[in-house]
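1. Give me a 3D structure for the following:
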Amino acid sequence: MIFSTLKRLTLTTILASNLLFSSCGYIALTRKTAFITATPEVTVSIAEKEDGPYEEITSRKTKIKLNHFHKRYFIRQERTGFVSNTIELTRTSSNRLKRLDIALAISSNIVATIFTPVHFIQSSSRFGSGVSPSTAQTVLMYTNLGVGLAAWGAIIPIPGKIFPKKVDLPELIPILTKDTNQLFITAGDHEFKLSKNGVKVHDYPTMKQFTNGYGYEVRDSTDEFQSMADLKIYEDISKLLIDAEYGIDSANAALDKTLKLDSRTVSLVYITADEKLRCEVRTAWALETMDELQYLYDKTFHGNSEWVEFNEESLDKDGKESIIRESFVEALDNSFKRFLALDTVQSILSSPVPIPLTEEEELDLNSGSEFVSSVSDAVKSVVTVVTNEGHGSGCVITPDGYIVTNAHVVEDDTTDLKAIMGDDVEKKIPLKFIRMNEAIDLALLKLDTTGLKPLKLALSNQIETGADAYAIGTPADVELGQTVTRGIISGKRKFGGHQLIQTDVAISGGNSGGALIRPDGILMGIVTSEMRSRSVDDIGFAIPATTIEESLKIKINQ
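-> I've put the predicted structure just below:
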């Protein structure tokens, strides 16, 4: 009798455990989520859809109960003077109580499955064959089975993932305006470097499908959207700069008080849903000096516009193009504000323009009217520059002995410089140091002489890739002064913030400061370096002659 009672108690316990442990997972759904803001005095709002409606989470209600059966929420932060930010909140925390429900339900089911047949067998053997269990036993057995099934029916719908207990919201980006001591910025070039697919358009039938990230169709972008890739947006970027109080027209920009902002859009995606439009861009922003000699910093940022009404059936072509353009500019503005707010960018804008010689007066030089006109003539207008540490080369640019060389040839040795002209290496003529631009690696020296035939500086259209080129200088030893080597212009590059000419002309260390000329003797560049390794050979670089006047703050008059 006692044993039978224990068996009934065991079945009753199994039944109770099914009832008890089938609902623990729901307890986790009652917890609240706290939103922690990194920006003070910010307004936080929440919505089930990205386009709203949003309900404000007040400072007294920083903890709210979320519906964990929803897949996502959207949290928006807003504060005057800051770029608004919306993040998507998804279920990322594990519901451990559901796991407990499953483990206990499985355990109780296993015990019931094993125990119930044993109970029936023992009952039959005790009372003889054909003796059935009591009505109470049968009811208990089927009740346990029904409750077990009901328990699983309750456990399965419980979300396995729930929203976290705490959400750390990102710090908002301030909308910065120019400080009185900061540099101005002028709009530079903007280009579209899109993939082969060009402008992308993703059409979602409904906003819900956009929110869930499925079901869009890719539109053939040969319509009004495709024209975006040819859009000229200089005026738009200028307005962004003016709105931030950094903008200035390039015609009024001072070299020592202004930087140039170039931009390149590498991804442009439009999204439509429920007759609304949104633009998403990925744009690289780059700050450089006005003379384009030095890149200072660049960074790529995403940006997006807000949703705007876009009923294509009711809009004419001009109306569509207007909304498409405005959405792009808004997304571009969002990306630009993120770039401008970077500490590195603000530090650059608060520092002097990194161009030496800003305190120097512009030096007027007279080139005369007779220039070098052949390679053989040019040999006589390239000198060997001798320093206490070694030697380099230099190029005559005026009849009265002004010479351009590399700053690294001179380095700190500005008081004991000499020049060797021609084959007489024993005859060293004193050189006077005038000025240098270490950033561009150029220096200006002066011979006390007259009657020299100068090299004429090339114009930009006279430096052509693939054209023949000759290098003249003093490689390795002063005994090899005015050596001529031949090759071609391999390309035009920007390395380390410098505009350079690439050539395959043979160049050695002593060639630094020497001439890279055309067959007609015109000076294309000042030889500055070479690149050599086991796998790379015959790659040299020269500073374009077009940069000499600006870099050394001189003006050569004919």
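
2. Any idea what the residue nearest the centre of the chain is bridged to?
-> Most central in the chain under C-alpha atoms, centre = their mean is Thr300, positioned 1.9 Å from the mean C-alpha point. In this entry, Thr300 is beta-bridged to Ala284, by DSSP bridges.

3. which SSE is His408 in?
-> Assessed by DSSP states H and E, His408 sits inside helix 407-410.

4. what pLDDT, on average, does the very next helix or strand once past that helix get?
-> Later in the chain than helix 407-410, the nearest helix or strand by DSSP H and E is strand 417-420. The average pLDDT within strand 417-420 is 90.

5. now swap in stretch 332-348 and tell me
-> Stretch 332-348 comes out at a mean pLDDT of 89.

6. looking at it, Phe336 is touching Trp285, isn't it?
-> Yes - the criterion here is C-beta atoms under 8 Å, and Phe336 meets it with Trp285 at 6.6 Å. All C-beta spots, glycine's among them, are computed from the backbone N, C-alpha and C.

7. Between the two, which contacts overlap?
-> The contact sets of Phe336 and Trp285 overlap at Ser263, Phe301 (C-beta atoms under 8 Å, 6 or more residues apart in numbering).

8. Apart from its chain neighbours, what residue comes closest to Arg43?
-> Slight slip there: residue 43 is Thr, not Arg. Closest residue in space to Thr43, ignoring its immediate chain neighbours: Glu78 at 4.8 Å, by C-beta to C-beta, 6 or more residues apart in numbering.

9. so how many other residues sit close to that neighbour?
-> Using other C-beta atoms under 10 Å, Glu78 is surrounded by 17 other residues.

10. one step back: measure how far the helix holding His408 is from the centre of its chain, please.
-> 35 Å (C-alpha atoms, centre = their mean, to the nearest Å).

11. Only the buried residues of it, if you could.
-> Ala407, His408, Val409, Val410 (16 or more other C-beta atoms under 10 Å).

12. quick one: the helices in this protein?
-> 2-21, 24-28, 96-127, 135-155, 207-212, 234-243, 317-340, 343-349, 375-379, 407-410, 548-552 (DSSP state H).

13. which of those has the lowest average pLDDT?
-> Among those, helix 2-21 carries the lowest mean pLDDT (a mean of 54).

14. hey, C-alpha coordinates of stretch 176-185 in CSV?
-> The C-alpha trace of stretch 176-185 is given here as CSV (Å, rounded to 0.1, in the frame of the first residue of the first chain):
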residue,chain,number,x,y,z
LEU,A,176,30.7,71.7,-35.3
THR,A,177,31.2,75.2,-36.5
LYS,A,178,34.4,77.0,-37.2
ASP,A,179,36.4,78.5,-34.3
THR,A,180,37.9,81.9,-35.0
ASN,A,181,41.4,80.5,-34.8
GLN,A,182,40.8,77.6,-37.1
LEU,A,183,41.6,77.3,-40.8
PHE,A,184,39.1,77.8,-43.6
ILE,A,185,38.2,75.0,-46.0
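
15. Identify the residues contacting stretch 288-298?
-> Contacts for stretch 288-298 (C-beta under 8 Å, 6+ apart): 186, 188, 250, 253, 255, 258-260, 262, 284-287, 344-345, 348, 353-355, 439-440, 494, 497-499, 547, 550-551.
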